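S.K.: I'll drop the sequence and a predicted model, then ask my questions.
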2 protein chains.
Amino acid sequence: MNGAQYIAEFLSRVGSDRVFLLTGGACAFMIDAVAQHRGLHYTCFQHEQGAAMAADALWRVNRKVGVTMATSGPGATNLITGIATSHFDSIPSLHITGQVNQRESSTFHGANVRQAGFQETRIVEMVRPVTKYATMVRSAAELREELAKAYAIATSGRMGPVLIDVPMDVQQAEAGDDILLPSKGPVTAEEPAKVLSDLRQTLAEAKRPVVLWGAGIGLAGVEREVATWLRQTGLPFVSSWAGLSYFDHDQPGFVGQIGVYGNRGANFVLQNADTVLVLGSRLDNRQRSGNTKQFAAGAIVHVVDVDVEELAKYRNDGYRTSHLDFALLPEALRELDVRPLDPEWGDYVATMKQRYYHKEVSTSAARLNSLSPYDVISRVNEIIAEDAIVIGDTGAAVCWLYQAFKVKRHTLFNPGGNSPMGYALPAAIGAKIDRPDRQVISYNGDGGFHLNIQELQTVRHNNLDIAIIVMNNGSYGIIKQFQDSYMQGRYNASRDGLSFPDFGALAAAYGLRYARIERLEQIEPGLFTSGPIVIDVMLSEHTLIEPKLEMGRPINDQFPYLGESEYAEGNRFVDYPRPASLRTA
Amino acid sequence: MNGAQYIAEFLSRVGSDRVFLLTGGACAFMIDAVAQHRGLHYTCFQHEQGAAMAADALWRVNRKVGVTMATSGPGATNLITGIATSHFDSIPSLHITGQVNQRESSTFHGANVRQAGFQETRIVEMVRPVTKYATMVRSAAELREELAKAYAIATSGRMGPVLIDVPMDVQQAEAGDDILLPSKGPVTAEEPAKVLSDLRQTLAEAKRPVVLWGAGIGLAGVEREVATWLRQTGLPFVSSWAGLSYFDHDQPGFVGQIGVYGNRGANFVLQNADTVLVLGSRLDNRQRSGNTKQFAAGAIVHVVDVDVEELAKYRNDGYRTSHLDFALLPEALRELDVRPLDPEWGDYVATMKQRYYHKEVSTSAARLNSLSPYDVISRVNEIIAEDAIVIGDTGAAVCWLYQAFKVKRHTLFNPGGNSPMGYALPAAIGAKIDRPDRQVISYNGDGGFHLNIQELQTVRHNNLDIAIIVMNNGSYGIIKQFQDSYMQGRYNASRDGLSFPDFGALAAAYGLRYARIERLEQIEPGLFTSGPIVIDVMLSEHTLIEPKLEMGRPINDQFPYLGESEYAEGNRFVDYPRPASLRTA
């Protein structure tokens, strides 16, 4: 086999049988090899960004490492935003880029020129900050070793994307007929006995415990065991956004998702706990807010994570930390003694849940006499299959989704830490291609949706039965809400100076069905069961995200502001005084 | 002024009054400052990639440094492909990205985490290989210094793009009321006297001289002086693609553009010269081909360039080199004694020009009885204004354009060394916004056009009078031609497995006019004078690029192959024997 054929055979052997791509001169031989391999399937995207985002989705829906192929230069750089999305959310993906012949490369000449070969670009250096590993291979021998190594790195420990840059001469060099397969190394972490002892100590002292469920549980594939443990112990738990996909939200102990856009009840419970056990969440700034000192201010916070650097960052926070291979988490949890819940704490948690859990109300929509995004999401939630794949995009739209959607056996995700606009369409394509058996919902705002609109052609060409919801408020709503708070409502570049297309006409141009939704009743099951469709949900331009934290407040004091008595009831155990200037009626 | 206001005032003072952008949380304050500045105008794009490509076009059409603003994370990474385009083609542009508050950044925590702040990304490291300078500013004082420094770097010596990453806290920090303006440093280069003496020596020996006109002449703004010198000396000259924009192609000494897709006559003249004087061209691989030994094999090659590294790369080629600040080029040329042209060389050059100059024929189109792309381009060339701005995209389409288009006072450019698909639409938007007085033609293939289709909304919103030509062959033609040569015509991912949308329906969806062209006569002036339009030119799927070099041949032996006698006549002075295996009838 030559290098190109070797890559194809490798992908087949490791089970990465889907290759998402846009062709070009420097990758054409590799694509030819993929196309000729009986065990592989390739899908053409209309922009490499779409391919990378679709590859990111594969692991999220099917625990399969997504693969892209792209040409040198713009092909490779067009992948970057998608690669970064995988990196920040710990998603394994493999990106294979073509590179110019080594004898045409800038380094071959021994001079420091910007470029020698046509479309030559130093992609490896460029993606290093957003990959777990990236390298250019200089020979077929290196290709063999590095492919196996990169694949193992992508899928072990805290996972992430990797990139292999393959010069054209290496694609055509003889690479041998036996495949070097990846072997996972052991995860370096603390001794499980040490972790267990530390966790015991933390829980022994706990009077008002809460568990924070993070994505790490699901990424390690131990979600069932952890859910069982939570049910058995009766511990209340909250979740990060990225964690929400991995359990049934009707599980009794679940109080809601926390953070800047979090559920008020979940935020109160977290903020009033005396012990917060964080399992596999990096507590990003949308969870703790910018002011980390006011996060769980009365609590011992104990974070368990697979990434030791994520633990090192709590140096100044005084958190307890445990560095653990999450494959060992269920065993550690089973060994813990958990006392029955203190009744006062149990009553409080129950009250908070009863008062706030899935009680989302859009006061702005009510005032404007327009559709409530929360009602829209609840209705969609009821109508679609219990195991549907629901992919959120960015901005206000994704906030509404995460505030109101209840997971049964659904898969729910969004592009998390990177949050690129235009993710939810190509990700839905990747999801549907690999899981044609499941309903797939791509859920967007009108702003984000337009960034990768070209992929509607990919939907059409492959006749992918995806429902594309557009929450249409004619603007970048989340930016407008920011401008309301800090720029006296000057809507520059969020509403003024831009406009969005007629999505009905666009859907027709791409040969897709279209439904314009102005009343809740128009959202009916038939929309989701008869082939690809764009569902354009007309909202008022002034629909807000509610609740939402504004700068300087703790996460339990969100806009719209609660009255003093309700605020005080929420903070039954820990005092979070409002500064005089921030106090509300 | 705070940091955001300082940036706005700085841009106004240096004359970069156009800001191309897509908003986001981390850049909203800067955009607000730009919007409130009376001397600045902002344009919203529908994807940051469009903004960066439009900014790249500004200098090319108006010698104005284009500016983008984008948010952290995906906003910044979406700029990269456009930034790289500026870098490889020596175009100055300024990219200002918002970054998370420093206290929310990963470095603040002292741990090596992938990300701390929402959408935080180490963009500065990532763009380093494709910028002349990139830095993050940590204070208002640094912002002041670095803005001036970056601007000076972008616009001096061999120019290029720069990026400044501005954390939100720096945007809001007090930055003072006086503006620190950029001051250009001197260009480090050889003494002009030394260059002059070296050039004299080269030309003194020349019996069959030819000048290669490179983009460096135009980038330095000395194109008129060089054209005059060429007219006065009577020296024959050829051009690189990037050089073609800067002179009237009817100038008598001009023989054509060279290279892989070059004019046969120009390639013969270059290959038969005994002296090639290269002025400001980097002789990339599409000019010399992969096999540089067969480039101007019988000649002394003397390269004059502003970038010393571009000269260092010729170490093994035995070229003479001169490192010169091109502002001094006209003076140096005037001092040279140039002997009258040897009559035999003069006759030969005249014969080559007469035989091949603008005699483009599409034998494939003739055989297929379909439209010839060369006829289409010639007709457009006749119809549009003599000073129209014509922007080529990539692939086969741009090859046809550069083979057949004759520049009078036009501005002609394409994304050169980076060659990203989807460049010609956003670049045309940038061009038209800054030069509404000139006709603007965006010239695309159907493949490339679709990558940034979302910017049709920018055309519509701003009612930009752009003519968008689509050379529609229903495939990626240049890849198909490559697959014909090396993959037995397996059209994987170039025609098979993909399709393109109905551009008529898309134009209608975006509210633009549309014309479907099936006969040459349908291309008439009215198409170009009545507002934005998509002109869809229907070609046969099998239309080829002719001539085109295949691997292993010297640039004067292109496909379709000349008969032996015509080939021999072209090589009157230097023998380029065809290997037996490559010989043609």
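M.R.: Received, thanks. Residues are numbered from 1 along each chain as shown, chains lettered A, B, ... in the order given.
S.K.: what's the burial count for residue A:551?
M.R.: Neighbourhood size, residue A:551 [other C-beta atoms under 10 Å in any protein chain shown]: 12. C-beta here means a position set from N, CA and C on the backbone, and glycine is covered the same way.
S.K.: Setting aside sequence neighbours, what's the nearest residue to residue A:22?
M.R.: For residue A:22, ignoring the flanking residues on the chain, the nearest one in space by C-beta to C-beta, 6 or more residues apart in numbering or on different chains is residue A:48 at 5.0 Å.
S.K.: what does residue A:430 give?
M.R.: residue A:54 (2.9 Å).
S.K.: The one you found belongs to a strand?
M.R.: No: under the criterion used here (DSSP: H, G, I helix; E, B strand; the rest coil), residue A:54 is helix, not part of a strand.
S.K.: For it, grab the count of nearby residues.
M.R.: Residue A:54 has 31 neighbouring residues, counting by other C-beta under 10 Å.
S.K.: tell me the contacts of it?
M.R.: Shown in contact with residue A:54 (C-beta atoms under 8 Å, 6 or more residues apart in numbering or on different chains): A:20, A:43, A:45, A:66, A:426-427, A:429-431, A:433.
S.K.: Likewise for residue A:406?
M.R.: Going by C-beta under 8 Å, 6+ apart, residue A:406 touches A:249-250, A:358, A:381.
S.K.: Out of those residues, which end up buried?
M.R.: Neighbour-count burial (16 or more other C-beta atoms under 10 Å in any protein chain shown) applied to the contacts of residue A:406 gives A:249, A:358, A:381.
S.K.: how close does residue A:453 sit to residue B:425?
M.R.: Note on residue A:453: its distance to residue B:425, by C-beta to C-beta, to the nearest Å, is 13 Å.
S.K.: wait, isn't residue A:37 in contact with residue A:6?
M.R.: No: judged on C-beta atoms under 8 Å, residue A:37 makes no contact with residue A:6 at a distance of 10.8 Å.
S.K.: Which one's more surrounded, those two?
M.R.: For the pair residue A:37 and residue A:6, the greater number of neighbours falls to residue A:6 (26 against 18), based on other C-beta under 10 Å.
S.K.: Quick check, pLDDT for the more buried one.
M.R.: Model confidence at residue A:6, given as pLDDT, is 98.
S.K.: Which elements pack onto the helix or strand hosting it?
M.R.: In this assignment (DSSP states H and E), residue A:6 forms part of helix A:3-14. Packing partners of helix A:3-14 (3 or more C-beta pairs under 8 Å, 6 or more residues apart in numbering or on different chains; DSSP states H and E): helix A:28-36, helix A:140-155, helix A:168-172.
S.K.: can you give me the angle the first one makes with helix A:3-14?
M.R.: What separates the directions of helix A:28-36 and helix A:3-14 is an angle of 40 degrees, with axes from the mean of the first three to the mean of the last three C-alpha atoms, to 10 degrees.
S.K.: Just the mean pLDDT for the next helix-or-strand element following helix A:28-36, thanks.
M.R.: Downstream of helix A:28-36, the first helix or strand assigned by DSSP H and E is strand A:41-44. Average pLDDT, strand A:41-44: 98.
S.K.: Please point out which parts of strand A:41-44 sit buried.
M.R.: For strand A:41-44, burial by neighbour count (16+ other C-beta under 10 Å) applies to A:42-44.
S.K.: Could you restrict the residues you listed to the ones contacting chain B?
M.R.: Counting by C-beta under 8 Å from any C-beta of the partner chain, A:42-44 from the buried residues of strand A:41-44 sit close to chain B.
S.K.: need the residues of the stretch 51-200 of chain A near chain B, please.
M.R.: So the stretch 51-200 of chain A meets chain B at A:73-74, A:77-78, A:80-81, A:84-85, A:87-88, A:100-101, A:103-104, A:106, A:109-119, A:121-122, A:125-130, A:160 (C-beta under 8 Å from any C-beta).
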